[in-house]
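Student: Below is the structure, and that's it, no one-letter string:
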């Protein structure tokens, strides 16, 4: 499987594949590239409907030039931690950001979420995010506000009384519950519409079907999140010799 950066010819093939409606996996197969490479390439260059091979190639060259000219983001931080390859970490951060964007999260919010998630501490201040992502403070503020509203990030104060933005093992649970509550609100409003539009009408029937579907999804999402949290947070007991035991009877 070839490595290295995509060539201009490969980008042209990606553009043709998108125009033909091919899935990322099929384009990747034809180019003998990982699907993640194609996904990242398309999402960071306009998405499937706006991708242009020539513009993508120039943008990539420009980013590479800026990276060569740029100073390290954080001179005080070690270039490697736990033996990590700094370039591999940077590429993974881009991939994680791309996947979050593909799920519907806006670009800057995805960048902040990915940056927080891959830090060992799981927490950064606004100024640290500005430095790491090389963006303006208002951009970080807007992204954090969105992530907090969706339950992805929580705010704490550090010893210097600075706001600290945190992601931890409980964040995805909180986000799932926030999504379930939001969906439940849609259900409530849809059922209000049934009364307004008149039971038996086509529009009311449509809204009732929407309400029933989303009510089922919301209820099961919340239940699954609760069960997963309980199971994954339960640590097995161990005996003095290290043997794992269970509270459940055999």
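Tutor: Now that the structure is in, tell me what you want to look at. Keep in mind that what you see is a predicted model, and the values were worked out from it rather than measured.
Student: all helices of this protein, in order?
Tutor: For the chain, the helices defined by DSSP state H occupy 8-19, 24-31, 35-43, 53-69, 86-102, 107-117, 126-133, 137-149, 171-197, 202-233.
Student: Mean neighbour count added to the ones you listed, as a markdown table?
Tutor: C-beta: built from backbone N, CA, C; applies to glycine. As requested, the helices of the chain are exported to a markdown table (neighbours: other Cβ atoms under 10 Å):
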| stretch | mean neighbour count |
| --- | --- |
| helix 8-19 | 18 |
| helix 24-31 | 18 |
| helix 35-43 | 21 |
| helix 53-69 | 13 |
| helix 86-102 | 16 |
| helix 107-117 | 22 |
| helix 126-133 | 18 |
| helix 137-149 | 16 |
| helix 171-197 | 15 |
| helix 202-233 | 14 |
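Student: of those helices, which approaches residue 161 most closely?
Tutor: helix 126-133 (13.2 Å; Cβ to Cβ).
Student: what's in contact with the closest one?
Tutor: 73-74, 111-112, 115-116, 124, 135-137, 140-141, 144, 162-163, 165 (Cβ atoms under 8 Å, 6 or more residues apart in numbering).
Student: repeat for stretch 101-115
Tutor: 39, 43, 93, 96-98, 100, 124, 129, 132-133, 135, 139-140, 142-144, 146-147, 152-153, 165, 167.
Student: just to revisit the earlier point, quick check, nearest of the contacts of helix 126-133 to residue 203?
Tutor: residue 144 (39.3 Å).
Student: and residue 147, what is it in contact with?
Tutor: Per Cβ under 8 Å, 6+ apart, neighbours of residue 147: 109, 112-113, 153, 165.
Student: Name the nearest of those residues relative to residue 214.
Tutor: residue 109 (23.9 Å).
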